[in-house]
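Undergrad: From the sequence below, what's the structure:
(chains A, B, C and D)
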Protein chains: 2
Amino acid sequence: MGIRERQDRERQAVRQAILEAARDLFITEGYRNVSIRKIAERIEYSPAAIYSYFPSKDDIFFALAEEGFRRLDLKIRDLVAGDDPLEDVRRCWWAYYEFSKEHREFFELMFVDRSVPQITDQWPGMAVVHDMLAVAAERIQRCVDAGIFAPGTDAVVALHLVWGAFTGPAVIGNACRLAPGEDPDALARDVLELIIAGLKAGSPTTFIPCSPQTSDIPCLPHTSESVRPVVTGVRGVDIHDT
Amino acid sequence: MGIRERQDRERQAVRQAILEAARDLFITEGYRNVSIRKIAERIEYSPAAIYSYFPSKDDIFFALAEEGFRRLDLKIRDLVAGDDPLEDVRRCWWAYYEFSKEHREFFELMFVDRSVPQITDQWPGMAVVHDMLAVAAERIQRCVDAGIFAPGTDAVVALHLVWGAFTGPAVIGNACRLAPGEDPDALARDVLELIIAGLKAGSPTTFIPCSPQTSDIPCLPHTSESVRPVVTGVRGVDIHDT
DNA sequence: TTAAGTCTTTGAACACTGTTCACTAGTCCC
DNA sequence: GGGACTAGTGAACAGTGTTCAAAGACTTAA
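TA: Numbering: from 1, shown residues only, chains lettered A, B, ... in the order given. Here you go, the predicted structure:
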């Protein structure tokens, strides 16, 4: 009987319409200015109807976050690897920075905003994140193999370091915290070069990425529901503790 | 006549009460969860009364931002300079990171949040910011003078680079974007070491800080009202342009 | 064909939010 | 005492996320 299937199909269509309306509003007005009522008005349903498709407003943004990661993954994957491994790393992370400017709402959702609900490890979109990180780690590994980065550099650790250090300029640029006349792009550019100089020289590390079995697939971001085990001091020693 | 003065004093007291209530709520509940009604309830006034002291909710947070910068300045100023200039730089920026954890609400307000109103250069609290930056730049300068950082390193540019690169781990830590089990402190620690390694090795820079006359006093953050001139390509050459 | 059952969708409400404004009440000065 | 001033209020406006009883549409069984 195709009735159930047709019903499911219709329901899926409405669900998709909700997501599309949310995404459009989200991109144009920013995610904090998207309201259930605005989405409902756009798809010509009542606000209450949305709640039979998504348990809460947060869950709509889970779906949007997945789209964000897909977009970033696509942007990074679009870069054709060249002969120069260092240049590839540069371009890879510059794409990350450009993404933060082009899709600042997605970027905030994915990496910055604390008020947004956290994403679980079991989240469907996690596969995209893993793929993306694997690509980035592989590019770093090639620099290590080519002797450009310091010998013994762990690609996954280095990936986290670059991500950590290079997220700053993106955040500062988006938040407009530079003085008038100062160029955020120049700051980002210089920070990237600083990071590269650091990776070339090498530096002591204590960071331990999760999932050692699949060490090239660090999980990011994580769930807030799951209990986060405290590992500080177990495998990592805090050298800066007061 | 002391009547006017007494009135002013009383008014100032209410103003102070508003700010204290806002700060308490802000610290405990986060700045997005502070409402005019909650503040009003706390000081036992009507919500409308607040509006005769502050033009809008935003202006209350301007005052709070000033307090944030004062707190950070105090934290950095508390550090006693030692014999090792590099260790001083390390401690200076670790204080910045610790501040981001201890006062995450203030940190977001000051450096991350895009929805918060931007601070003007004419803002009274700017003096504190300038002092703080001067201290940080001086510490970097001492490392340059001691031959620890690459010769020819501009302390003010380097200050911006460290700030840019080291803001990332603070943001990521606060936003809980690491995998469960991964230690944000370890990431911050390692990024700081990476930055230091980069500064030791030296890297090409294109960033031009504002206020060249008072080059040790970069203005940060800035106003959104002022028109930001585009300087890319004028004095800085974008080496990453596609 | 009709009745029963299922499930989607709605209108109205609740409890919030920032902000505005006519009005009250108290103080000050002449 | 009367007029001027003003701090403060209550009520409202327009917005927010969310809930729930009720209605409606559609499917299924008799």
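
Undergrad: just so I have it, where are all the strands in chain A?
TA: Counting by DSSP state E, no segments of chain A form strands.

Undergrad: Could you list the contact residues of it toward DNA strand C?
TA: A:7, A:10, A:11, A:14, A:44, A:45, A:46, A:47, A:48, A:49, A:52, A:53 (CB under 7 Å from any atom of the strand). Quick note: C-beta positions are derived from backbone N, CA and C, even for glycine.

Undergrad: Which one of the residues you listed is nearest to residue A:32?
TA: Lowest distance from residue A:32 to these (CB to CB) belongs to residue A:47, with 17.6 Å.

Undergrad: Hmm, residue A:37 and that closest one touching each other?
TA: Yes. With contact defined as CB atoms under 8 Å, residue A:47 and residue A:37 form a contacting pair (5.0 Å).

Undergrad: Go through chain A and flag its longest helix.
TA: Scanning chain A for the longest helix, with DSSP state H as the assignment, gives helix A:3-29.

Undergrad: check whether that helix contacts chain B.
TA: No. Against chain B, helix A:3-29 shows no contacts by CB under 8 Å from any CB of the partner chain, the least distance being 12.0 Å.

Undergrad: Just the buried positions in that helix, please.
TA: In terms of neighbour count (16 or more other CB atoms under 10 Å in any protein chain shown), helix A:3-29 has its buried residues at A:15, A:17, A:18, A:19, A:21, A:22, A:23, A:25, A:26.

Undergrad: again, but for stretch A:48-62
TA: Here stretch A:48-62 shows A:50, A:53, A:54, A:57, A:60, A:61, A:62 as buried, counting by 16+ other CB under 10 Å.

Undergrad: Ok, stretch A:184-203 next?
TA: Judged by neighbour count using 16+ other CB under 10 Å, the buried positions of stretch A:184-203 are A:184-203.

Undergrad: which among these are in contact with chain B?
TA: Within those, those near chain B by CB under 8 Å from any CB are A:185-203.

Undergrad: now, which of those lie within helices?
TA: A:185-201.

Undergrad: Which pLDDT value does the model give residue A:62?
TA: Here the pLDDT value assigned to residue A:62 is 85.

Undergrad: so it touches residue A:123, yeah?
TA: Yes. Between residue A:62 and residue A:123 there is a contact under CB under 8 Å: 7.0 Å.

Undergrad: which neighbours do the two share?
TA: Shared contacts of residue A:62 and residue A:123 (CB atoms under 8 Å, 6 or more residues apart in numbering or on different chains): none.

Undergrad: Just want the most central residue of chain A.
TA: residue A:110 (4.5 Å; CA atoms, centre = their mean).

Undergrad: Tell me how far that residue lies from residue A:69.
TA: 6 Å (CB to CB, to the nearest Å).

Undergrad: In chain A, mark out all the helices, start to finish.
TA: Under DSSP H, chain A gives helices at A:3-29, A:36-43, A:47-50, A:57-77, A:85-102, A:104-107, A:126-145, A:155-175, A:184-201.
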